[in-house]
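Asker: Fold the stuff below for me.
(one chain, ligands or ions: 1)
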Amino acid sequence: MPEVDVQSQEIHHQDQHSEVFNPPAHISERAWVKSYNEYKNNYDASMDEQFYAGIAREFHWEKPFTQILDYNFSRKKGRVFVEWFKDGTTNVAYNCLDRNLNANRGDKIAFFYEGNEPTETNSITYKQLHEQVVDFSSVLRNMGVRRGHCVAIYMPMVVEIVVAMLACARIGAIHSVVFGGFSAESLANRILDSQARVLITTDGVFRGPKPVELKKCCDDACRIVNQQLTAGYNGIEKMVVYQRLGAEHLKLKEWVDGRDIWWHDAIKQIDRTIAPPAVEWMNAEDPLFMLYTSGSTGKPKGLVHTTGGYMVTAATTFKYVFDYHDQDIYFCTADCGWITGHTYLCYGPLLNGATSVLFEGIPTYPDESRCWRMIDRYNVTQFYTAPTAIRALMRFGDDKVTQTSTRNTLRILGSVGEPINPEAWMWYHRVVGNSNCAIVDTYWQTETGGIMITSQPGAVPTKPGSASVPFYGVVPAVMRKKSDQSEDLVLDNTDEQFKQDEFYEESQVEAEGYLVIKRPWPGLARTIYGDHGRYEETYFSMFDGYYATGDGCRRDKDGYYWLTGRIDDVLNVSGHRIGTAEVESALVGHKSIAEAAVVPMPHEIKGQGIYAYVTTKEGIVGDEALRAQLKSTVRVALGPIATPDVIHFTPSLPKTRSGKIMRRILRKIAEGLDSVSQLGDVSTLADPSVVDMLLKNK
Ligand code: WT7
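Answerer: Numbers count the residues shown, from 1 in each chain. Sure thing, here's the model as predicted:
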């Protein structure tokens, strides 16, 4: 680790963003980690596997582990695998709940809940949460759910989504949460892939002023699933429906007797004369959950997180990155449909016995001051959200923040999901944080389970736009191309075969290239559900012996990492990952479309927008009506977040002689470059005149 000279409170200034913010003294004083040197010492200590073993032992292990770490990151040496604490047994839900009850936190509030309407408020203590989880685990058990089975969850942000997740964990079932904004088709694909037999949902929910019919989506998904059953798999056998809205709002169009059951009825039916299912003691490497995420090709992949390692990463990163102390009130706006909701709404906080705010609504309803009012109402000390939300709220002006709240209790402001632009960073710092908070820009991924690169609020000076330095146990490296003319890092499928030996690990501190990780930390996803080959291929084939993040980065002379975005065909729209291949396949699913190519475009609020080039079939005219149809086609296939921002009709797509689409050119046009000279080398195109056509049709 390169040194940052914090003694003299000075860091070499960056060329483009000159300001460096030292941790506010009032934060450092009470922080778990009080100085850069302390961070550095801990970091050095974390290079020894005993570091995480020591932390792991703070949790309850039914059978203590004796083995700490075994792994192989190199395909050349054989199967890629990672095992932490392998011979130990534990249970994550037990550590989230029972362990806190044993530590006298039974009456502590686990969640303050606020629904879509500001008047819908509630709270739940650790003891109450424990009771609900035990009850719901009885429900699952009565439905035949056993250790190792997969349970699908498709719910809005109500306390019951956490109950459902923990109930699965308690009895050793693997939960697969699907974001409630995904389409029926997406839900069906995920159910089919995971072979879930039980689905947990709600009748519906209001998102701002708009009702969303979740149960209807589940019914549609089940229909799709039922058309694709395989030997030994009968689709969803039980659907538990939590009543969020009740009959006056949404009339349920469908109710399948024998399959569908109200959550409250299922709870009523529990036979209280029988003991609830016992805690299932899981092997450290048994799966805890799977979560689907998009890749550059093919269908979304179900990343599998296991028990022991994930627990330790979730707990440790939460404690240090948010500097959580017992009296704090933490507020994370993430939905449990994403990894942030898993690690930093559910598991991380509960493993630390934290009190959190769980918010069902959206930051702009009933008005744009919603979050700021909530911060005051609950005396929030840590607030964690995404750059896209910050940029959206920033647009409404400072008054919406300053006139409605003081935010006096805030200490730490977190950002996650995409690079945060310095302008948004500064606004977050100055306006939301009253220039008195520490900002933590947290870089990580669904695959990594927890935060990888970040500052720690009491210890590490921050530079707006940089995620800063690696967390404990994380060893990043930057891979460079030997013959690097420093063009574009982005991989192009027209690039010749990616040649490993053309790359080397940069040993200089200052470097730019592909971000990789050199050795395992506990929270790394262990496999892709049902497809370990794809796991090895996706993450360990690019550079043998390294985990490839799929991101580009620059490391400055202080050893700070600046993430520069995905280098593969993955879009990051409002912090959500969308594979270009998924959108393309939805577009060509429309009867009028022959071909489609999707690339990112810069978007002021969303970070990246979706720019789709399409060619129509013979005799079909690309007009406004077709544009609207195509947008709706994608919405239906994937969900609203994947709706293209721009549909660009073109007679043909730029292709190489071997027929591959040159996305590099399409990306540049989507970025607004509009002269042939700005598009780089177009000489390998089969038909260079396509470029003129593309520019003309913009
Ligand atoms: C991708 C992972 C991690 C939870 C939310 C997203 C980008 C994420 C940052 C950040 C720059 C970031 C990366 C990464 N990303 N956080 N602080 N700075 N980029 O999880 O859906 O798995 O997406 O999001 O490109 O690879 P995800």
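Asker: Identify the residues contacting the residue nearest to Asp260 when sequence neighbours are not counted.
Answerer: Counting by C-beta to C-beta, 6 or more residues apart in numbering, Met239 is the residue found nearest to Asp260 once chain neighbours are left out, at 4.8 Å. Just so you know, the C-beta spots here come from the backbone N, C-alpha and C atoms, and that holds for glycine as well. Met239 makes contact with 198-201, 218, 222, 256, 259-261, according to C-beta atoms under 8 Å, 6 or more residues apart in numbering.
Asker: Ala459 now?
Answerer: 23, 28, 31, 33-36, 38-39.
Asker: helix, strand or coil for it?
Answerer: Taken by DSSP: H, G, I helix; E, B strand; the rest coil, the conformation at Ala459 corresponds to coil.
Asker: got the residues of the stretch 551-698 of the chain near the ligand?
Answerer: 551, 563, 566, 572, 575, 577 (C-beta under 6 Å from any ligand atom).
Asker: which stretch of helix or strand covers the residue nearest to Asp260?
Answerer: Per DSSP states H and E, Met239 falls inside strand 238-242.
Asker: Moving C-terminal from that strand, which element do we reach first?
Answerer: strand 260-262.
Asker: Distance of Glu595 relative to the ligand?
Answerer: 27 Å (C-beta to the nearest ligand atom, to the nearest Å).
Asker: Same question for Pro156.
Answerer: 19 Å.
Asker: show me the contacts for that residue.
Answerer: So Pro156 contacts 180, 202, 205, 207, 212, 214, 244, 360 (C-beta under 8 Å, 6+ apart).
Asker: Of the residues you listed, which is the nearest to the ligand?
Answerer: Gly180 (16.0 Å; C-beta to the nearest ligand atom).
Asker: In contact with that closest one, which residues are there?
Answerer: 154-156, 205, 212, 214, 335, 337.
Asker: swap in Met479?
Answerer: 503-506, 513-514, 516, 543, 546 are the contacts of Met479 under C-beta under 8 Å, 6+ apart.
Asker: tell me the secondary structure for it?
Answerer: strand.
Asker: Excluding sequence neighbours, find me the nearest residue to it.
Answerer: Tyr514 (4.3 Å).
Asker: again with Gln132
Answerer: Using C-beta to C-beta, 6+ apart, the closest residue to Gln132 is Val163 (4.7 Å).
Asker: That neighbour falls within a helix, correct?
Answerer: Yes. Counting by three-state DSSP, Val163 is located in a helix.
Asker: That one and Tyr472, how far apart?
Answerer: For Val163, the distance to Tyr472 equals 31 Å [C-beta to C-beta, to the nearest Å].
Asker: Show me how far the longest helix along the chain is from its chain's centre.
Answerer: In the chain, with assignment by DSSP state H, the single longest helix is helix 126-142. Distance, stretch centre to chain centre, for helix 126-142: 26 Å (C-alpha atoms, centre = their mean, to the nearest Å).
Asker: Quick check: next helix or strand after that helix?
Answerer: Heading C-terminal from helix 126-142 (DSSP H and E), you reach strand 150-154.
Asker: Remind me what that following strand packs against, helices and strands.
Answerer: helix 159-170, strand 174-177, helix 184-194, strand 198-202, helix 214-226 (3 or more C-beta pairs under 8 Å, 6 or more residues apart in numbering; DSSP states H and E).
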